[in-house]
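Participant: Coordinates for the following, if possible.
(chains A and B)
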Protein chains: 2
Amino acid sequence: MDQVKIFTPASVANVSCGFDVLGFCLDSIGDVMKVSRTKNKGVTIGIINGQELPKDPLKNVASVAASALLKAHPTIGGFQIDIEKRIKPGSGIGSSAASAAGAVFAINELLGKPYSRNELVQYAIAGESLASGAAHADNLAPVLLGGFTLVRSNKTLDIIKLPSPKDLVATIIHPKIELKTIHSRAILKNEIPLKKAVEQWGNLGAFISALYTNDYELLSRSMKDKVIEPTRAILIPKYKEIKQAAIDTGALGSGISGSGPSIYALSKGEFAAKEVGQAMKTYYDEIGLDYEVHYSNINNEGVRVL
Amino acid sequence: MDQVKIFTPASVANVSCGFDVLGFCLDSIGDVMKVSRTKNKGVTIGIINGQELPKDPLKNVASVAASALLKAHPTIGGFQIDIEKRIKPGSGIGSSAASAAGAVFAINELLGKPYSRNELVQYAIAGESLASGAAHADNLAPVLLGGFTLVRSNKTLDIIKLPSPKDLVATIIHPKIELKTIHSRAILKNEIPLKKAVEQWGNLGAFISALYTNDYELLSRSMKDKVIEPTRAILIPKYKEIKQAAIDTGALGSGISGSGPSIYALSKGEFAAKEVGQAMKTYYDEIGLDYEVHYSNINNEGVRVL
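Facilitator: Here you go, the predicted model:
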């Protein structure tokens, strides 16, 4: 096989109580990548459609991740990556993770799958570090493994795939302002109150229990963020109102997607998710702020060959 | 029924990564209580064997908890509580929780079970607050529900029973120094680094996932405490050496039981748990510090009628 075309999905990280550790994979939005073997060594970026992204292989997230993999697994010749970029960078739904994970997944396919999906995280993270200024796997993990994932340790990349209750549907609203992860990370405080931390890990533990037991009510009660949201909410126009509207309309919970500015909600069933989306967008309609709304099932497979 | 005799077990709270939220119930050690209906109103403390405890109903944990229940559920006459206290107060294995939970459980039995075990937590907590100076349910929850429990919220007492992998055996070593919860709580810092908090909730999430999947290796990797242990370890003689000895001898993990001074370890199987206990106690033998060692299966039932 000399060429492979893949779908590499968007994802939601942080997920209320799970800052830096919890994420889930989306299905209805993602990039398409075509990766081809070349005679020349190294990784080059070919066509990029949809967004303005660097073509310099040292500055593009996909090629940086691909090069990290090839450093560990040298091979004859090189690779060209063509990208149809549908996920907007800086939107908060794992744009860079999709590129990094997609690149290493595609090359692993062309190499005859020397690595498991879990093992690919260690290479994809090189690309993610370039984009966000810190090595976090909470978007990469759901893209590569699918479903809900927990990063037990960002140091050792100990990653656990969690079960996904089948009726969960995500609503994502993306207000069209750009927010770089590196900036929304900078405003976080280095120290947090122990009391808040205890509430947060109580909620995270309950959220994970709820995934195993399909307990939608417990899931809903545990979708709280006492630590990060209060600081970051100010960066997102109408955040509080939109979150409240989602919950009032029947969402199980709502929060900042990744480091924002997208806001996500989880609902039980597609009908509920769509009602939630209708309620959320009225706030941006009112103030005339451009936005996009996505509805998606939880993608239990992750990145895949097309 | 005018009288009931119960076994109310010891428990381990905090459990490494689960400060203030996680606990499990022991089987081989606990108090025996006899609660009898009396003609006079109110709750009195009758015989106390085994330990010096206050007989003043306003100062005894069992009667304070019992009175909280009776305030919500008035009845004719009153109750006398006789206690055979086998769990030493201040040992770190839920002495006060056993008293408080036992009292409300026994009276609930005599009243014809108007409350579920989960509902009893709200009354038992009155006794626990008296003992520890703060309303925490992380010992009460395992005593009342059995097995492993998670307190999602100490405010609303939202408590989840978690599964217990069947081969887990606990080793507890109790060095005979007394450490009041109220004192070991006082030395904790009010603020903790966000980075450590993230590691902690990554570990707690993984620990809970491991309970659902019987993944002993993941359980072992997640039994870490980056937040509380570094501060409290200095209160317990030879803590670091004993914990390391437990792990080197094959324990899945080891940590401070509750707020100490007891140290717990979890192992796979009874043979391993006993070897771990042998290794742990050598350090107290060396320095001539008196101690007790307990071995126990996880008690999946909790407090029970004898």
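Participant: quick one: A:I81 and A:T44 touch, right?
Facilitator: Yes - here A:I81 reaches A:T44: they are 7.3 Å apart, a contact under CB atoms under 8 Å. In this view, the C-beta of every residue, glycine as well, is placed from N, C-alpha and C.
Participant: which one of the two has more residues nearby?
Facilitator: A:I81 (25 against 18; other CB atoms under 10 Å in any protein chain shown).
Participant: secondary structure element for the more buried one?
Facilitator: Using DSSP states H and E, A:I81 sits in strand A:78-84.
Participant: A:V151 too?
Facilitator: strand A:148-153.
Participant: Just the mean pLDDT for that strand, thanks.
Facilitator: Strand A:148-153 shows a mean pLDDT of 97.
Participant: okay, and the common contacts of A:I81 and A:T44?
Facilitator: The contact sets of A:I81 and A:T44 overlap at A:S63 (CB atoms under 8 Å, 6 or more residues apart in numbering or on different chains).
Participant: so where do the helices sit in chain A?
Facilitator: Counting by DSSP state H, one finds helices in chain A at the ranges A:61-72, A:95-110, A:117-132, A:140-145, A:181-186, A:194-213, A:216-222, A:229-232, A:239-248, A:270-287.
Participant: So the residue nearest to A:I172 when sequence neighbours are not counted versus B:V198, what's the distance?
Facilitator: Spatial nearest neighbour of A:I172, chain neighbours left out: A:H294 (4.3 Å); criterion: CB to CB, 6 or more residues apart in numbering or on different chains. Using CB to CB, to the nearest Å, one gets 27 Å for the distance from A:H294 to B:V198.
Participant: Among the two, which residue is more densely surrounded?
Facilitator: Counted by other CB under 10 Å, A:H294 and B:V198 do not tie: B:V198 has more neighbours, with 25 against 20.
Participant: Show me what the residue lying closest to A:E270 once chain neighbours are set aside bridges to in the sheet.
Facilitator: With sequence-adjacent residues excluded and distances taken as CB to CB, 6+ apart, A:E270 is closest to A:V169, at 5.1 Å. Beta-bridge partners of A:V169, counted by DSSP bridges, are A:S267, A:N297.
Participant: now that we're looking at A:V169, which residues does it contact?
Facilitator: If a contact means CB under 8 Å, 6+ apart, then A:V169 has A:266-270, A:272-273, A:295-298 as its contacts.
Participant: Distance of it relative to A:K281?
Facilitator: Distance, A:V169 to A:K281, using CB to CB: 16 Å.
Participant: count of neighbours near the residue lying closest to A:G255 once chain neighbours are set aside?
Facilitator: Using CB to CB, 6+ apart and skipping the chain neighbours, the partner closest in space to A:G255 is A:S16 (4.0 Å). If you count neighbours by other CB under 10 Å, A:S16 ends up with 24.
Participant: How about A:D290?
Facilitator: Using other CB under 10 Å, A:D290 is surrounded by 9 other residues.
Participant: Enumerate every residue touching it.
Facilitator: A:175-176, A:284.
Participant: do that again at 6 Å, thanks
Facilitator: Residues in contact with A:D290 (CB atoms under 6 Å, 6 or more residues apart in numbering or on different chains) are A:K176.
Participant: and it, how far is that from A:P175?
Facilitator: In terms of CB to CB, A:D290 sits 8 Å off from A:P175.
Participant: I'd like the distance from A:A273 to A:N203, if you could.
Facilitator: From A:A273 across to A:N203, the span is 22 Å (CB to CB).
Participant: Burial check on A:N297, number of neighbours?
Facilitator: By other CB under 10 Å, 17 other residues sit near A:N297.
Participant: What parts of chain A come near chain B?
Facilitator: Proximity of chain A to chain B, by CB under 6 Å from any CB of the partner chain, involves residues A:20-21, A:150, A:152, A:160, A:190-194, A:197-198, A:201-202, A:204-206, A:208-209, A:212.
Participant: Pull out the buried residues from those.
Facilitator: A:20-21, A:150, A:152, A:160, A:192-194, A:197-198, A:201-202, A:204-206, A:208-209, A:212 (16 or more other CB atoms under 10 Å in any protein chain shown).
Participant: do you know how far the closest residue to A:Q278 other than its chain neighbours is from chain B?
Facilitator: In space, and not counting its chain neighbours, A:Q278 is closest to A:T249: 7.7 Å by CB to CB, 6+ apart. Applying CB to the nearest CB, to the nearest Å, the value for A:T249 to chain B is 23 Å.
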